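**Student:** Got a predicted structure plus its sequence, pasted below:
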Amino acid sequence: MTTLERFLETCKFNKHVAPPKWEFGYWGETIDNWYSQGLPKHQYPALDDTVTTPTRSLFLPAWKSLPGDKLPRGIAVMAGGLYWPTQAFPLDYDVKEYFGMDRTQELVDVNGLACPMFEFELKFEDERYWDFVDLDGIVKRFQKEPQTMPAGWVWPVKDWETWNVYKEERVRLDNITDRLPPDWDKLVKGYRDRDFPLAVGGFPHGFFGTLAHLMGYDTLFISYFEAPDLVHDIIGTFTDMWIALYEEVLSYTDFDLLQIWEDISFGSGSMVSDDIIREFQVPYYKKMISFLKGRGVNNIFLDTDGYCMDIISLFMDAGITGIYPFEWHTGMRVEEVRKKFPDLVMMGGIPKSEICKGKERIDEFLEPARETLKYGGYIPFGDHFVPPEVDWKNFVYYRNKLNDSIDAVES
């Protein structure tokens, strides 16, 4: 079976079909460590410096600012479980080849944010920092030494005045075809002939996530109470634009799922109340999902870190069918989620930071994943990017053991 077929059968809870073999991804420093520890190097993950859309090319100026040929330590290398291309992250080839893992899911590379894109502008530089305007209009600060992902520094949407300017200039409905990338015809051919899952959405597109991305969390949280009409106007505008954009995509090719980036949870729970989710997210989820399901797209996945057990039912009632990555260190346990939500597709859930503790610990934490696989609707992999403290020897043991469990589904 193809990766696409396995993915779709997993989403249908077919207990007799093994799910795709994916990982969420790896940090750049992790990959470089593994090459020095025994991973055969055939195709080093490479930065694609072609600017196409904000989805694909955000953060690229920061990554390119570093000298040398090695990956930035804090860049992510994509490995299947998280969508690609996004945020200028490179794609893994050598780990995939070593373990016989499956081709990654892919995002349709269209512009779901600022159109026209902003021009890159360097605002400030010293020995420690590099501040720049990115393609989304956010001024971001990049720390040169830790080389982690750039963080928002100045956000373009602060109030009605700044939003009206952003909306009028960058989120219109009369230039939808301008949101297609320059190589659209070539991409469409690959999309039509695919054997992998094809998604729309992804970072930074979400019904909470996009607002936090453009406003900053503090401004968004205050606006829920002091300017609720503004919040509704922002997310309503983006929802209508996304629907028009995905309608345009569907005139060229079908796709298999929507990826909603929210990151709405932190270590102990949701950053907003149930009432906020019901008022400011659920109606727009339902509008988008109704549109997509009316066109045959039935898989609706939501990406949130942190502890999310208490809000899963809100998402499912709105039409969400899958959630990931279920971060273990926050208390998320896939076996408990499966018992409480038997119809929810799950991805992730394996404690990435525990892999470094050796064979006995790996055997211990893989047991719940083995049991959860028996129910279907589950694609197991690390609960976020694998960190550099995980050495190659322990990762090999872990991944081979997990692959054995996945293969056993069909035995």
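**Tutor:** Everything's here; your move.

**Student:** What count of nearby residues applies to residue 410?
**Tutor:** Each residue near residue 410 was counted by other C-beta atoms under 10 Å, and the total is 10. (Glycine included, C-beta is placed from N, CA and C.)

**Student:** which ones are touching it?
**Tutor:** Counting by C-beta atoms under 8 Å, 6 or more residues apart in numbering, residue 410 touches 16-18.

**Student:** can you pull the pLDDT of it?
**Tutor:** Taken from the predicted model, the pLDDT recorded for residue 410 is 92.

**Student:** Can you get me a residue count around the residue lying closest to residue 120 once chain neighbours are set aside?
**Tutor:** Spatially, and ignoring its direct neighbours in sequence, residue 120 is nearest to residue 61 (5.0 Å; C-beta to C-beta, 6 or more residues apart in numbering). Each residue near residue 61 was counted by other C-beta under 10 Å, and the total is 22.

**Student:** helix/strand/coil for residue 61?
**Tutor:** With DSSP: H, G, I helix; E, B strand; the rest coil as the basis, the three-state label of residue 61 is helix.

**Student:** Mind pulling the model confidence for it?
**Tutor:** Residue 61 carries a pLDDT value of 92.

**Student:** Check the one 10 residues further on too.
**Tutor:** On the pLDDT scale, residue 71 is placed at 91.

**Student:** And for residue 50, the neighbour number?
**Tutor:** 13.

**Student:** Need the three-state assignment for it.
**Tutor:** Secondary structure assignment for residue 50 (three-state DSSP): coil.

**Student:** For the residue nearest to residue 120, give me its contacts.
**Tutor:** Residues in contact with residue 61, defined by C-beta under 8 Å, 6+ apart, are 120, 122, 132, 134.

**Student:** For these, pick the one with the most neighbours.
**Tutor:** Across the contacts of residue 61, the neighbour count under other C-beta under 10 Å reaches its highest value at residue 134, namely 24 neighbours.

**Student:** Remind me which helix or strand the nearest residue to it once chain neighbours are set aside belongs to.
**Tutor:** By the measure of C-beta to C-beta, 6+ apart, the closest residue to residue 134 outside its immediate chain neighbours is residue 140, 5.3 Å from it. Under the criterion of DSSP states H and E, residue 140 resides in strand 139-143.

**Student:** Indicate each strand paired with that strand and its parallel or antiparallel sense.
**Tutor:** Partner strands for strand 139-143, per DSSP bridges, with pairing direction: strand 129-133 (antiparallel), strand 151-154 (antiparallel).

**Student:** CA atoms of it as PDB?
**Tutor:** These are the backbone C-alpha positions of strand 139-143, laid out as PDB (Å, rounded to 0.1, in the frame of the first residue of the first chain):
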ATOM      1  CA  VAL A 139       9.400  42.000  13.300                       C
ATOM      2  CA  LYS A 140      11.300  39.000  14.600                       C
ATOM      3  CA  ARG A 141      14.300  38.600  16.800                       C
ATOM      4  CA  PHE A 142      16.800  35.900  16.000                       C
ATOM      5  CA  GLN A 143      19.400  35.000  18.600                       C
END
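
**Student:** hmm, back to that, how about the contacts of residue 61 in CSV, adding distance to residue 239?
**Tutor:** Shown next, in CSV, are those (distance: C-beta to C-beta, whole Å):
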residue, distance to residue 239
120, 28
122, 34
132, 29
134, 23
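
**Student:** among those, which two are most distant?
**Tutor:** Of all pairs drawn from the contacts of residue 61, the widest gap by C-beta to C-beta lies between 122 and 134 and measures 11.1 Å.

**Student:** how long is stretch 69-86 end to end?
**Tutor:** The distance separating the two terminal residues of stretch 69-86, taken as C-alpha to C-alpha, to the nearest Å, comes to 20 Å.

**Student:** buried stuff in it?
**Tutor:** Of the residues in stretch 69-86, 71-86 count as buried by neighbour count, 16 or more other C-beta atoms under 10 Å.

**Student:** And for stretch 349-364?
**Tutor:** Of the residues in stretch 349-364, those buried (16+ other C-beta under 10 Å) are 349-356, 362.

**Student:** Between these, which sits nearest residue 204?
**Tutor:** Using C-beta to C-beta, residue 352 is the member of these that lies nearest residue 204, at 22.8 Å.

**Student:** Surely that closest one is in contact with residue 388?
**Tutor:** No. Counting by C-beta atoms under 8 Å, residue 352 sits too far from residue 388 to count as a contact (11.1 Å).

**Student:** May I see the strands paired with strand 139-143 organised as a markdown table, with distance to residue 313 and mean pLDDT added?
**Tutor:** Conversion of the strands paired with strand 139-143 to a markdown table gives the following (distance: least, C-beta to C-beta, whole Å; pLDDT from 0 to 100):
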| stretch | distance to residue 313 | mean pLDDT |
| --- | --- | --- |
| strand 129-133 | 40 | 95 |
| strand 151-154 | 31 | 95 |
